[in-house]
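Novice: I'd like to go over a predicted model; first the sequence, then the structure.
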4 protein chains.
Amino acid sequence: MADTISTPTDSKPRGRPRSRASREAILLAALKLLIRDGYEKLTIEGVAREAGTGKSTIYRWWDGRSDLAVEAFFSAIDETLELHESGSAEDDFRAQILGMAGQLRGPAGRAFAAMLVGGRENPAVASAVRKRWLDPRRDWARMRMAWAAEAGQLQDGVEPRAALALLYSPLYSPLLFGNDVPSDKDLRACFDLAARAIFRR
Amino acid sequence: MADTISTPTDSKPRGRPRSRASREAILLAALKLLIRDGYEKLTIEGVAREAGTGKSTIYRWWDGRSDLAVEAFFSAIDETLELHESGSAEDDFRAQILGMAGQLRGPAGRAFAAMLVGGRENPAVASAVRKRWLDPRRDWARMRMAWAAEAGQLQDGVEPRAALALLYSPLYSPLLFGNDVPSDKDLRACFDLAARAIFRR
Amino acid sequence: MADTISTPTDSKPRGRPRSRASREAILLAALKLLIRDGYEKLTIEGVAREAGTGKSTIYRWWDGRSDLAVEAFFSAIDETLELHESGSAEDDFRAQILGMAGQLRGPAGRAFAAMLVGGRENPAVASAVRKRWLDPRRDWARMRMAWAAEAGQLQDGVEPRAALALLYSPLYSPLLFGNDVPSDKDLRACFDLAARAIFRR
Amino acid sequence: MADTISTPTDSKPRGRPRSRASREAILLAALKLLIRDGYEKLTIEGVAREAGTGKSTIYRWWDGRSDLAVEAFFSAIDETLELHESGSAEDDFRAQILGMAGQLRGPAGRAFAAMLVGGRENPAVASAVRKRWLDPRRDWARMRMAWAAEAGQLQDGVEPRAALALLYSPLYSPLLFGNDVPSDKDLRACFDLAARAIFRR
DNA sequence: GACTAAACGAGACGGTACGTCATGTCTTGGG
DNA sequence: CCCAAGACATGACGTACCGTCTCGTTTAGTC
């Protein structure tokens, strides 16, 4: 750690260092426009104008608007993966789902959906969203579900895959139709219903 | 329609009418490109080129690409709303959901998602899809659910709204992440799990 | 000529016809900027801005700035090739050279030189200038010189090629050094000197 | 003046001295690109790339591409002003003109013309070329012509200015049209013709 | 031998213009 | 009157250089 000599990737950053201010201005501008006008109307020139930078600075660091949109989005939302690991699987899943809803609620959710849109065309976006959002949450969920199964907290004959799909789908599907993430109240109702079929209490 | 004998594409380029042919060529071309390249890369010029028509002919009948995409999509998929009304609400819902999955499976589903999600910017698209696809099915589902409630087929304390969300979400949500509609097997597993919590049997 | 039916290249111009107004506005703007700022600072975007047209309209009809500059230039100067064919070769050449000087004097000459510059990179420009300006004048001059030789108006041992070079070079060479075409007075002095060696009187 | 020790502006050059290697690499690269691609396509970045230096090193010592091009050109050609001062003005002028042609022949001549003519916009280029090439030669020529006049070697009524224009123009004017400097043979023919009218023999 | 200061390579910065492409509108001529 | 063809003004695309500006690294002389 203290060893500055044998850092594995000992890359000397030559040339003028990247400007933090520009980077932040660009991401902020992109997010603003993404939320205000939607993904389809997000233009690189617009972002450059809004951020007060040159286009080349954007193209130097991002591959295009989809790439930029992804990073703008993730730079803005609270991406932290809160792990709730009490003894009760049901409580843990409920807490996590409500927490995710909180993170995606409002403009952030619109931007999230907007990006998933962009991702349809550009595989890189989809994969980025998957990697940074979906995968960690899915991995945690699978693990937690496996643990619950071991602990005998699942009802008989419950397939973990189907159970996870049932628990999480109501959170995402409204985004497909241009709606926001459901309210906590609605989400709770869905969750409790699903939980009836899944968890042993 | 009845005339199956005369050569199928017997277009005598003499004289006047081309209206129907153009219209169909345009819709076909639009669908082809929509499926092949996705919504975002669908261009009016591309459609005109593919269909061998002038751009103005497209603009005369449609408002823009979103409008065109919607109509192209619905002109192609089997939009029929199959109503299953046996005595068992569970059977009816299962049949309908699996039927919808069949309609949306494959390229059609991708186009569907592309439009839904790509049309987020243009409210007209979302509203068209809602009007032609979502609303009829939701209306039927609400009605069927109310009927089931009356008939005492629901378990105690089941909120119809939440129940519907739980039943239908697993069908749609994968579309948001660039995946296809789930397989019948997966869908069945989800449905059966949800049904445990919802229907009295 | 009057036969409108059997025109050899009977091309039916489909689509919207080219706009004369745009064409003229573009050429005028190009000329204005060419003269004001020089060839090197002539930009397509500048011309489009000045002319109030789109860039694509320029690119649709011209290959680039050099091509545009050529046409702008020739659309503006009096390109007419005045043929002076009196009995005296000396008088004819003098008249033609002074006439050319008149056409190239002032901004036009600067533009002419500017284009020859542009032509260094883009062979098309050089060839265009050659074709529309140089060649006709050189052809005439060669013919006139041959005629003079036949008529015994040349002194002994005068090579026509060298004689032509001697007569015309003083007109052009100042352009190379950023100067204008010489004054009539200077030109006359040069011409008379050369004429001493060339023409028999 | 002869004192190389106590130069008037005896500035002690603190810091790292200018790198000769860089300077030369830059000039060489500039010349290479100037000849290969012409003046218009000469870019600072291209030179820096070719020379393996940073752009700032170029901008530190030159004002821009025109300035650089001028110096690159003159660093390469044999700029020496050969003075031929025999008793015969005709012989002296002929020798000098043929000598200049030799210096300007080939790629160097193209570069020369490229700069002259490409530098039309930037007065600095033209003036530099004038100062380093044209002026010394013109001064010598004027002097030599005056001397010839005094010595009675000119024919009656010969204006020195016109005579000089006549003698030198055929050398330069082809450069304007993208051609090379004339061959010695052609140049000789022109010169001899002009000489007939100018020199007394 | 350490210090100082300018020149060096590298390359990021805000820009301008490039030449291409799609937009949605318009204007023709022909069937 | 409809329709293909296609010209039009607009504006974003992604690229190439511009000339300026940091950086960390040489490379002399001066202390």
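Specialist: Received, thanks.

Novice: Would you map the helices across chain A?
Specialist: Along chain A, the segments classed as helices by DSSP state H run A:20-37, A:44-51, A:55-61, A:65-76, A:89-104, A:107-121, A:123-129, A:135-150, A:160-176, A:184-198.

Novice: where does chain A dip in pLDDT?
Specialist: A:1-11, A:114, A:117-124 (pLDDT under 70).

Novice: Now with 90, please.
Specialist: Low-confidence segments of chain A, defined by pLDDT under 90: A:1-15, A:34-41, A:64-67, A:69-70, A:73-87, A:103-135, A:175-180, A:201.

Novice: Domain parsing of it, as residue ranges.
Specialist: A:20-76, A:89-198 (automatic domain parsing).

Novice: how much space between the residue positioned nearest the centre of chain A and DNA strand F?
Specialist: By Cα atoms, centre = their mean, chain A has its centre lying nearest to A:Trp133, at 3.5 Å. From A:Trp133 over to DNA strand F the distance is 24 Å, taken as Cβ to the nearest atom of the strand, to the nearest Å. Every C-beta, even on glycine, is put in place using the N, C-alpha and C of the backbone.

Novice: so that residue makes contact with A:Glu79?
Specialist: Yes: contact criterion Cβ atoms under 8 Å: A:Trp133 and A:Glu79 qualify, at 7.3 Å.

Novice: and the closest residue to A:Arg105 other than its chain neighbours, what does it touch?
Specialist: Once flanking residues are discounted, A:Arg105 sits nearest to A:Val181: 5.2 Å by Cβ to Cβ, 6 or more residues apart in numbering or on different chains. Residues near A:Val181 by Cβ atoms under 8 Å, 6 or more residues apart in numbering or on different chains: A:101, A:104-105, A:109, A:171, A:174-175, A:187.

Novice: Could you dump these into a markdown table and include neighbour count and distance to D:Trp62?
Specialist: Shown next, in a markdown table, are the contacts of A:Val181 (neighbours: other Cβ atoms under 10 Å in any protein chain shown; distance: Cβ to Cβ, whole Å):
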| residue | neighbour count | distance to D:Trp62 |
| --- | --- | --- |
| A:Ala101 | 20 | 62 |
| A:Leu104 | 21 | 56 |
| A:Arg105 | 15 | 59 |
| A:Gly109 | 19 | 56 |
| A:Leu171 | 21 | 63 |
| A:Pro174 | 20 | 63 |
| A:Leu175 | 25 | 58 |
| A:Leu187 | 20 | 67 |
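
Novice: how about JSON lines for the residues you listed, with distance to C:Ser19 added?
Specialist: Listed next are those as JSON lines, based on distance: Cβ to Cβ, whole Å:
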{"residue": "A:Ala101", "distance to C:Ser19": "57"}
{"residue": "A:Leu104", "distance to C:Ser19": "52"}
{"residue": "A:Arg105", "distance to C:Ser19": "53"}
{"residue": "A:Gly109", "distance to C:Ser19": "48"}
{"residue": "A:Leu171", "distance to C:Ser19": "56"}
{"residue": "A:Pro174", "distance to C:Ser19": "50"}
{"residue": "A:Leu175", "distance to C:Ser19": "47"}
{"residue": "A:Leu187", "distance to C:Ser19": "60"}
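
Novice: Quick one, which of the domains of chain A gets closest to B:Gly46.
Specialist: domain A:89-198 (14.2 Å; Cβ to Cβ).

Novice: wait, doesn't A:Pro136 sit right on A:Glu82?
Specialist: No: using Cβ under 8 Å, A:Pro136 is not in contact with A:Glu82; the gap is 11.1 Å.

Novice: buried stuff in stretch A:145-159?
Specialist: For stretch A:145-159, burial by neighbour count (16 or more other Cβ atoms under 10 Å in any protein chain shown) applies to A:145, A:148, A:153-154, A:158-159.

Novice: ignore the last one, stretch A:188-196
Specialist: Across stretch A:188-196, burial judged by 16+ other Cβ under 10 Å covers A:188-191, A:193-196.

Novice: separation between A:Ala30 and A:Ala69?
Specialist: Distance, A:Ala30 to A:Ala69, by Cβ to Cβ, to the nearest Å: 6 Å.

Novice: okay, and the common contacts of these two?
Specialist: What both A:Ala30 and A:Ala69 touch, as defined by Cβ under 8 Å, 6+ apart, is the set A:Leu42.

Novice: Angles on the backbone of the residue of chain A found nearest chain D, please.
Specialist: Closest to chain D within chain A is A:Gly15: 9.1 Å, counting by Cβ to the nearest Cβ. In terms of degrees, to the nearest 10, the main-chain angles of A:Gly15 are phi 80, psi 180.

Novice: Let me know how buried it is, in neighbour terms.
Specialist: 6 (other Cβ atoms under 10 Å in any protein chain shown).

Novice: A:Gly38 too?
Specialist: 17.

Novice: A:Phe177 too?
Specialist: What A:Phe177 shows, counting by other Cβ under 10 Å, is a neighbour count of 17.

Novice: residues touching it, list them.
Specialist: A:Phe177 makes contact with B:116, B:126, B:129-130, B:134, B:172 under the criterion Cβ under 8 Å, 6+ apart.

Novice: Please list the residues of chain A that sit near DNA strand F.
Specialist: Selection of chain A residues close to DNA strand F by Cβ under 7 Å from any atom of the strand yields A:12-17, A:43-46, A:55-56, A:59, A:64-65.

Novice: just the residues you listed now: which is nearest D:Ser86?
Specialist: A:Gly15 (60.4 Å).

Novice: ok, now how distant is the closest one from D:Lys55?
Specialist: According to Cβ to Cβ, A:Gly15 and D:Lys55 sit 11 Å apart.

Novice: same thing with A:Leu171?
Specialist: 53 Å.

Novice: One more: A:Glu24?
Specialist: In this view, A:Glu24 and D:Lys55 are 27 Å apart by Cβ to Cβ.

Novice: ok, now A:Arg188?
Specialist: A:Arg188 is 62 Å from D:Lys55, by Cβ to Cβ.
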